[in-house]
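**Q** have a look; sequence and predicted model below, questions after that.
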Amino acid sequence: MLKGSCLCNGIQYEIQGDLGEIVQCHCQKCRKANGSAFATNTPIASESFRFLKGEELTAEFESTPGVFRVFCKQCASPLYSRRPSQPEVLRLRIGTLDTPINTKPFMHIFVDSKAEWDEINDDKPQYAERPVN
């Protein structure tokens, strides 16, 4: 089991399941939503995610048609994104995890739109956009 929380600790959650492949997304929307060079996300099964505290503190923003970014309305920590077209999956922002993990990022996506000041210094695969599964 994994546990996580937002910056103000008003929201706490647990995941009773596995993390998917960790992806670093360099698209402009992820950069703006996270205030950094990229977002580090992993898919998880929706049914494995459970709020322990603070679900009422969540808010969401539809950043792209059909993509909702869920965050804490007190501290603005991004928690996950969801797509009504894929209700079985959430894309967790792994920076909110409190439980240490050993898994490393698997790949970089949307590198054609990465911040011009950012350098990718690892040997993970890089994709111009999101690769088709």
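**A** Everything's here; your move.
**Q** C-alpha only now, for contacts and for neighbours.
**A** Noted.
**Q** any idea of the pLDDT on the residue positioned nearest the centre of the chain?
**A** Most central in the chain under CA atoms, centre = their mean is residue 93, positioned 2.6 Å from the mean C-alpha point. pLDDT recorded at residue 93 is 97.
**Q** contacting residues for the residue nearest to it when sequence neighbours are not counted?
**A** Spatial nearest neighbour of residue 93, excluding adjacent residues (CA to CA, 6 or more residues apart in numbering): residue 41 at 4.7 Å. By CA atoms under 8 Å, 6 or more residues apart in numbering, residue 41 lies in contact with 22-25, 91-94.
**Q** what do you get if the cut-off is 7 Å, keeping everything else the same?
**A** 22-24, 91-94 (CA atoms under 7 Å, 6 or more residues apart in numbering).
**Q** which one of those residues sits in the busiest neighbourhood?
**A** Ranked by the number of neighbours (other CA atoms under 10 Å), the contacts of residue 41 place residue 92 first, at 26 neighbours.
**Q** bridge partners for that one, pull those for me.
**A** Beta-bridge partners recorded for residue 92 (DSSP bridges): residue 42, residue 80.
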